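Student: the following block contains a protein sequence and its predicted model.
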Amino acid sequence: MGDLVLEIGAVAHGGHCVARHEGRVVFVRHALPGEVVRARLTEAGDDARLWRADAVEVIEASPDRVDSAWPEAGPGGVGGGELAHVALPAQRRWKHDVLREAFVRFADREFPGEVHAAPGDDERGGLGYRTRVTTVAGPDGRASMHVHRSRELRALDALPIAAPALEELVLGTRYPAGAHVMGVAPGGEAARLVVDGTPWRAGRPDRRDNAPRRVREAVATGTGEWTYQVDVEGFWQVHREAPAVLVEAVLGRLGDARTVLDLYAGAGLFTVPLASAGRRVTSVEADARASRDARRNVHGLPDARIVHGDTRAFLESGPEAPDAIVLDPPRSGAGGKTVDALAAVGADRLVYVACDPVALARDTALLAHHGYALEDAEAFDLFPMTHHVETVATFVRG
Ligand SMILES: C[S@@+](CC[C@H](N)C(=O)[O-])C[C@H]1O[C@@H](n2cnc3c(N)ncnc32)[C@H](O)[C@@H]1O
């Protein structure tokens, strides 16, 4: 596979820009709209409708280009830092363009909101934000990541999107070859490692029966402060500021709803503040460990009920209509059958937290068929240096 000189067109969902070569679409990573680049083909089958390439030399640069904040995630490098060559405000414009395109294409309407920075990100250059990272140990025992769309492992010299103490711990430790390494930097506690499911301490497995498996997280917003216990490997929003940003965005959209269903609830990020404020909340979560955490987190809050199970099955069981429903599904979104079941429950208001623009736009169209109109949406750049973006949207039944 060789190199091509390409004029770079618009951004597309997935962290690349679109270019054309002899009538064929080429998805180009590490480029910016308006640039001319020399691009190295990375996937280019003769019969393939689209090719993929990395920009390896910039011939005409965009004014939005900066020196990469994470060169190891650059052309030919590891995944997870595909926008590190883009100035932070332009990363947010990029994500807004993707949201707008997804909404026009799949929901037949404009995306109504903006993409906001998380507090502190501009000051820190969009780095040092992740409180959770996962890596794999290479043959030499060093923390490594896969080269983008490849099985090749590359040892890391830096992990600049991780909280600094986490970066130091993860990269400074040696592991058994092939081990799955999870690093966690809970708010206010020392960074920790879990290797192949076993907590580590001082560079080795901590095999004591009482080795700590839970971390404490605290979330503070203008309206309150809450604490949580979360399994060290369990789901928790990865950006240091994400829990507070999302709690504020969700609670602010619920109006005076007294009864709330919290779907895909995790360890109870939204359930706890809602129940603490005296709202009657039923939370639904499929993961057994997260459900156990949620149960522990709502202990002493009589207005919270934790259901361990599948969201769609719960909705199809015919629950009483709450005043509002919060849903925060995984990347693939809720999808047709769950949206049908959701609509059948009959809440007047839905607050949808989405980590994928296309899934949200598709679900927006499905909800419109059931009479739910999109009232507002705002996006938050909770994943700087990557193409990911989190959106919170309100739907009301007409
Ligand atoms: C994006 S996380 C959100 C968790 C929580 N709202 C938070 O912000 O911490 C999605 C959660 O949905 C759960 N989940 C995935 N599929 C599910 C399903 N079909 N039914 C219920 N929960 C599910 C996952 O285990 C995960 O905890």
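Tutor: It's in.

Student: check what pLDDT residue 386 gets.
Tutor: Confidence at residue 386, expressed as pLDDT, is 98.

Student: can you confirm it is in a helix?
Tutor: No - counting by DSSP: H, G, I helix; E, B strand; the rest coil, residue 386 is not part of a helix but coil.

Student: count residues in the vicinity of the residue of the chain found nearest the ligand, would you?
Tutor: At 2.8 Å from the ligand, residue 266 is the closest residue in the chain, using C-beta to the nearest ligand atom. (Each C-beta comes from the backbone N, C-alpha and C, glycine too.) Neighbours of residue 266 under the rule other C-beta atoms under 10 Å: 23.

Student: ok, it - contacts?
Tutor: Residue 266 makes contacts with 234-236, 285, 287, 290, 293-294, 328, as judged by C-beta atoms under 8 Å, 6 or more residues apart in numbering.

Student: same question for residue 5.
Tutor: Contact analysis of residue 5 by C-beta under 8 Å, 6+ apart lists 36-39, 59.

Student: which parts of this protein sit against the ligand?
Tutor: Where the chain comes near the ligand, counting by C-beta under 6 Å from any ligand atom, the residues are 235, 237, 264-266, 269-270, 284-287, 290, 310-311, 328, 330.

Student: report the two of the residues you listed separated the most.
Tutor: The most widely separated members of these, counting by C-beta to C-beta, are 237 and 310 (21.8 Å).

Student: settle it for me: which of those two has more neighbours?
Tutor: residue 237 (23 against 13).

Student: work out for me the element that one sits within.
Tutor: Counting by DSSP states H and E, there is no helix or strand that carries residue 237.

Student: returning to that earlier point: now, which of the residues of the chain next to the ligand sits nearest residue 88?
Tutor: Using C-beta to C-beta, the residues of the chain next to the ligand come closest to residue 88 at residue 237, 19.7 Å.

Student: next, count neighbours for the closest residue to that closest one other than its chain neighbours.
Tutor: Ranked by C-beta to C-beta, 6 or more residues apart in numbering and with sequence neighbours excluded, the top spatial neighbour of residue 237 is residue 243, at 5.1 Å. Close neighbours of residue 243, defined as other C-beta under 10 Å, add up to 24.

Student: the chain should start at 42 in everything you say after this.
Tutor: New numbering, starting at 42: the last item is residue 284.

Student: and residue 284, what does it touch?
Tutor: For residue 284, the contact set (C-beta under 8 Å, 6+ apart) comprises 258, 260, 277-278, 310.

Student: mind running it again at 6 Å?
Tutor: 260, 278, 310 (C-beta atoms under 6 Å, 6 or more residues apart in numbering).

Student: what does the top helix by length along the chain contact?
Tutor: The longest helix of the chain (DSSP state H) is helix 129-143. Contact with helix 129-143 is made by 52, 54, 105, 124, 152, 156, 167, 398-399, 402, 422, 430, as judged by C-beta under 6 Å, 6+ apart.
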